[in-house]
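Engineer: Mind looking at a prediction? Sequence and model below.
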Amino acid sequence: MKVLHVITGLGIGGAEQQLRLLLRQLPTDSAVVTLTNPGAVARGITADGCPVTNLDIRGNRDLGALPRLTRLIKDGRYDLVHTHLYRACVYGRLAARLAGVRTVVATEHSLGATQIEGRPLTTGARALYLGSERLGSATVAVSTTVAHRLRRWGVRRDRIHVVPNGIDVPRFGYDETARHKTRAELGLPADAFVVGGVGRLSPGKRFDTLIRAVAALPGARLLLVGEGPERDRLRALAAELGADDRVLTPGACEDPPPNPAADTGPDLPSLFAAMDVFVSTSEDEAFGLAMVEGLAAGLPVLHVTCPALTDLPAEAAPGARQISGTVSGLVAELTTFQERFTSGEGPRRLPVPPAARHYDISRSAEQLMSVYDHALRRNGGSYARPVRRPATPEE
């Protein structure tokens, strides 16, 4: 089966890195087109052996990109086109239709309650999304929560399939050697209590709340992994609170790295190993991948919202707890963890919970192949490998 993946950009981000992980698992002949920004993840995908083409789009109104993408799809003789992220879904669905490819699957990675891909939802954005959605064959939601949001938007129930994000669970297993090495590289004392956060440094993640809470805990450190437009403001806030030397912002971390043998600094599992508790202060998530990674690393996880966990029974993630997200509430929660840490009570790491194993990337790839087969059969094609029927939002 020849599959073309079309994505808006390939800088470091959750959807982008999720695509790379899936490509490593899918038993398809795949290629990738990025509309713009062939960044670090594009280099990683290429290093994995999958070709990447940069369409070099010149903005949202670059209509010349549409015939270029149409020609590329037609020349490639693809059986299926899979689009990722809002702009790629709009361009990719239309281009596939013009190129004569009838089977188009789109993944909705980042539909929140009030935003899509970090941008406020508007009537125009919704209308354009729904109009282009009808040109496709199936829409993949990364969580049951997102599936319900799509239904409320007006996407037909029979077109929605839930394929959750996935992680390479064994990679995140706790490594004591990696903990000491990473702390030494980052200048973190071996006995310091370290709070962790991972994500794009944008207003919606509310990392300012986390900085304020850690600043109020004498001796605590914050390891904030990610990059984004809020970086300078967050650094200034840490300095204003007198915690500049206790807040570390090492930047974005491509995971997995394109070349594991190269010395490019700590990888994501090693950064998780350096933490003692993981916190997500975001109030609007489509999935919550970093929280699942934290659980796979054996960390206790505090979160304001996480569809990946609320979609499962509570006993699937005993080390996770939902919190209010206020500074005072977070200070109280972290104080308890800090006291346990400094007194040496309890294990340094928790067992990997069922929730983490539920979201293994190999399982996600199998479910996605089922969606491909389902979509192809609806259009008169098929794929020979026996696969399970895709999950629906009710299952």
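Structural biologist: Perfect, thanks for sending it. Numbering: from 1, shown residues only.
Engineer: what about residue 312, neighbour count?
Structural biologist: Residues near residue 312, counting by other Cβ atoms under 10 Å, number 19. C-beta: built from backbone N, CA, C; applies to glycine.
Engineer: Please apply the same query to residue 380.
Structural biologist: For residue 380, the neighbour count with other Cβ under 10 Å is 8.
Engineer: separation between the residue of the chain most remote from its centre and residue 120?
Structural biologist: Residue farthest from the centre of the chain, counting by Cα atoms, centre = their mean, is residue 343 at 34.8 Å. Look at residue 343 and residue 120: by Cβ to Cβ, to the nearest Å, they are 45 Å apart.
Engineer: can you check residue 96 too?
Structural biologist: Distance, residue 96 to residue 120, by Cβ to Cβ: 28 Å.
Engineer: what about those two, which has more around it?
Structural biologist: Higher neighbour count among residue 96 and residue 120: residue 96, with 28 against 10, using other Cβ under 10 Å.
Engineer: What strand or helix carries that one?
Structural biologist: helix 86-99 (DSSP states H and E).
Engineer: Then residue 342?
Structural biologist: For residue 342, the host element (DSSP H and E) is helix 327-343.
Engineer: how about that helix: buried residues?
Structural biologist: Neighbour-count burial for helix 327-343, counted by 16 or more other Cβ atoms under 10 Å, picks out 327, 330, 331, 333, 334, 337, 338, 341.
Engineer: Point out where the chain drops to low pLDDT.
Structural biologist: Within the chain, the stretches with pLDDT under 70 are 118, 258-263, 346-347, 381-395.
Engineer: repeat that with 80
Structural biologist: 59-61, 110-121, 125, 254-264, 345-348, 380-395 (pLDDT under 80).
Engineer: Show residues contacting stretch 141-160.
Structural biologist: 107-109, 111-113, 126, 129-130, 133, 136-140, 161-165, 286-287, 307-308, 310-311, 392-393 (Cβ atoms under 8 Å, 6 or more residues apart in numbering).
Engineer: Counting only strands, which of the residues you listed make the cut?
Structural biologist: If you go by DSSP state E, the contacts of stretch 141-160 have 107, 108, 138, 139, 140, 161, 162 in strands.
Engineer: Buried among those? Need that as a selection in PyMOL.
Structural biologist: The following PyMOL line selects those of the ones in strands among the contacts of stretch 141-160 that are buried, judged by 16+ other Cβ under 10 Å:
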select buried, resi 107+108+138+139+140+161+162
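Engineer: Distance to residue 272 for the ones in strands among the contacts of stretch 141-160 - can I get that in CSV?
Structural biologist: Formatted as CSV, the ones in strands among the contacts of stretch 141-160 follow (distance: Cβ to Cβ, whole Å):
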residue, distance to residue 272
107, 25
108, 27
138, 34
139, 32
140, 27
161, 30
162, 26
